[in-house]
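**Student:** Show me the folded form of this:
(chains A and B)
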Amino acid sequence: MEHSRHDREVLLAALEAGKLLLENGAEIFRVEDTIYRICRHFGLTSASAFVLSNGIFLTSGDEEEKEAHFARVLLIPVNGANLGRVAEVNQLSRQIENGEYTLEQVRHELKRIEHMPEFPAKLQIASAGFSGACFSYLFGGGWQDALCTIGIGILLYLYLLKFGKPHFSKIVCNILGSAWVTFLSILSHRIFPGTHLESMLVGGIIIMVPGVAFTNAIRDMADGDYISGSVRMLDAILVFFCIAMGVGFMMAIYSKIISGALL
Amino acid sequence: MIRLILQVLAAAAGTMGFSLLFGVPARYYPYCGLIGGVGWLVYLCLLPAASAAVSTFCATVIVILLSRWFAVRKRCPATLFLISGIFPLVPGAGVYWAAYYTVSNQLPMALETGYGAVKAAVAIVLGIVFVFEMPEKWFHRKR
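**Tutor:** Residues are numbered from 1 along each chain as shown, chains lettered A, B, ... in the order given. The predicted model follows:
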């Protein structure tokens, strides 16, 4: 009885580690690997994990009943990535293998990582403006474009944090987001005549580009995890299309207004 | 020349900004910035000689080689470095032009720019796949 309780605790800890990795943007291979490492280190050899891009299926138990029968399915909603947590769990799994932690400490440490604070919203918003400006300069803009893109990036990220992500589905959120960026870019282009519409716009929309989904999709497929790879690739392509649609939508309205004004 | 240096610096700074958005711990920012800057430098240097897709491919290869190299030295997942490091190479401008030409009913141009964006994306995919196939010990030996 005591034995089976230990096994159960090990599996729960491994599941928790897997969940943290998956929801914060790790590859499928890393999630499975970490679960097996933790199980093996604490003496559970019969564990078997099946990981998809939004769920973990974990079972244990063998024929001779030496290890406890146990099964868990955990559905994990896909949302924003926090690579810091991935790094922390990875570090933890390394230290577990070196025997630096007891099971109790592992669970404690996982709790700590789960509640690790994110960067404050103000800093994230400022950083979005800053990197948007850098990227508009990369894509052929001048310093005037970069200055405008600081504002565009800040307003875009404000929208994403306050309206887009909490209230809308991913599709609507991204279409409205890129339409918002396009609107702001056109506006700054009209107010400051020396600016380039294209580089401001690209600097703004690059903030919404699904970098994590795209990169992980490729790595999952290269590892042979085709189901998760395709789902993540579909996710990335969908976001790209939504961005293009938002831009196109706003541009269409703008050109209608322009031609209307000229007539 | 000055524009080149400024662009590389902007790429490095932009990459660091993105690392923050993805929650990368602050101690890794210098490496993220370095990787983003070097990737963009390679891209810019190759652009006069090769097509955009080939330049993107070579830059991606460098970005991921560096990411794996730092990942081994710093004992953390390569994902931390490469996701933000790859951002300057993402064909954002291609997406914009494709949308613009589609809306303004210039379909041949829309196809051309959209196809260019797809080519760049495929170049990134190939770069990632090839470098991640390299055995782990190649990166250990250098240490």
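**Student:** what does the helix or strand of chain B with the lowest mean pLDDT contact?
**Tutor:** Lowest on mean pLDDT, DSSP states H and E among the helices and strands of chain B sits helix B:136-141, with a mean of 76. Residues outside helix B:136-141 that contact it (C-beta atoms under 8 Å, 6 or more residues apart in numbering or on different chains): B:68, B:69, B:71, B:72. The way it works is simple: take the backbone N, C-alpha and C, and place the C-beta from them, glycine included.
**Student:** Please name the nearest non-neighbouring residue to the second one.
**Tutor:** I take that to be residue B:69. Nearest residue to residue B:69, sequence neighbours excluded (C-beta to C-beta, 6 or more residues apart in numbering or on different chains): residue B:139, at 5.7 Å.
**Student:** Out of the contacts of helix B:136-141, flag the one nearest to residue B:5.
**Tutor:** Here the nearest of those to residue B:5, counting by C-beta to C-beta, is residue B:69; it sits at 23.9 Å.
**Student:** Need the pLDDT of that closest one.
**Tutor:** At residue B:69, the pLDDT value in this model is 91.
**Student:** Could you count how many residues lie near it?
**Tutor:** 18 (other C-beta atoms under 10 Å in any protein chain shown).
**Student:** For chain A, give me the ranges with low pLDDT.
**Tutor:** A:1-2, A:65, A:260-263 (pLDDT under 70).
**Student:** before we move on, back to that, in JSON lines, list the contacts of helix B:136-141 along with distance to residue A:162 and secondary structure.
**Tutor:** Formatted as JSON lines, the contacts of helix B:136-141 follow (distance: C-beta to C-beta, whole Å; DSSP: H, G, I helix; E, B strand; the rest coil):
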{"residue": "B:68", "distance to residue A:162": "37", "secondary structure": "helix"}
{"residue": "B:69", "distance to residue A:162": "39", "secondary structure": "helix"}
{"residue": "B:71", "distance to residue A:162": "35", "secondary structure": "helix"}
{"residue": "B:72", "distance to residue A:162": "40", "secondary structure": "helix"}
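**Student:** and which of these is nearest residue A:120?
**Tutor:** residue B:71 (27.4 Å).
**Student:** for the closest residue to that closest one other than its chain neighbours, what are its contacts?
**Tutor:** The shortest distance from residue B:71 to any residue other than its chain neighbours is 3.8 Å, reached at residue B:78 (C-beta to C-beta, 6+ apart). By C-beta under 8 Å, 6+ apart, the contact set of residue B:78 is B:64, B:67, B:68, B:70, B:71.
**Student:** Let me see the contact set for the second one.
**Tutor:** Under the criterion of C-beta under 8 Å, 6+ apart, the contact partners of residue B:67 comprise B:35, B:78, B:80, B:81, B:82, B:85.
**Student:** just the fourth one next, same as before
**Tutor:** Taking C-beta under 8 Å, 6+ apart, we find residue B:70 in contact with B:31, B:35, B:78, B:81.
**Student:** Can you verify it is assigned to a strand?
**Tutor:** No: secondary structure assignment places residue B:70 outside any strand; it is helix (DSSP: H, G, I helix; E, B strand; the rest coil).
**Student:** Strands along the stretch 51-200 of chain A, start to end?
**Tutor:** Under the criterion DSSP state E, counting those that start in this stretch, strands of the stretch 51-200 of chain A are mapped to A:55-60, A:70-75.
**Student:** which among the contacts of residue B:70 gets closest to residue A:259?
**Tutor:** residue B:35 (45.3 Å).
**Student:** picking up where we left off before, now that we have the contacts of residue B:67, which one has the most neighbours?
**Tutor:** Using other C-beta under 10 Å as the neighbour criterion, residue B:85 leads the contacts of residue B:67 with 35 neighbours.
**Student:** In terms of pLDDT, where does it sit?
**Tutor:** So, for residue B:85, pLDDT stands at 88.
**Student:** just checking, which of the contacts of residue B:67 belong to helices?
**Tutor:** Members of these lying in helices (criterion: DSSP state H): B:35, B:80, B:81, B:82, B:85.
**Student:** Which of the residues you listed sits closest to residue A:188?
**Tutor:** residue B:85 (28.7 Å).
**Student:** contacting residues around the spatially most central residue of chain B?
**Tutor:** Centroid-nearest residue in chain B: residue B:86, 2.8 Å away (criterion: C-alpha atoms, centre = their mean). Counting by C-beta under 8 Å, 6+ apart, residue B:86 touches A:211, A:215, B:39, B:60, B:63, B:124.
**Student:** now swap in residue A:28 and tell me
**Tutor:** Residue A:28 neighbours (C-beta under 8 Å, 6+ apart): A:22, A:51, A:52, A:53, A:220, A:223, A:225, A:228, A:229.
**Student:** Relative to chain B, which of these is nearest.
**Tutor:** When the contacts of residue A:28 are compared for distance to chain B (C-beta to the nearest C-beta), residue A:223 wins out at 8.4 Å.
**Student:** how near is the spatially closest residue to that closest one that is not a sequence neighbour to residue A:50?
**Tutor:** Distance criterion C-beta to C-beta, 6+ apart; nearest residue to residue A:223, sequence neighbours excluded, is residue A:29 at 4.5 Å. Using C-beta to C-beta, to the nearest Å, residue A:29 is found at 13 Å from residue A:50.
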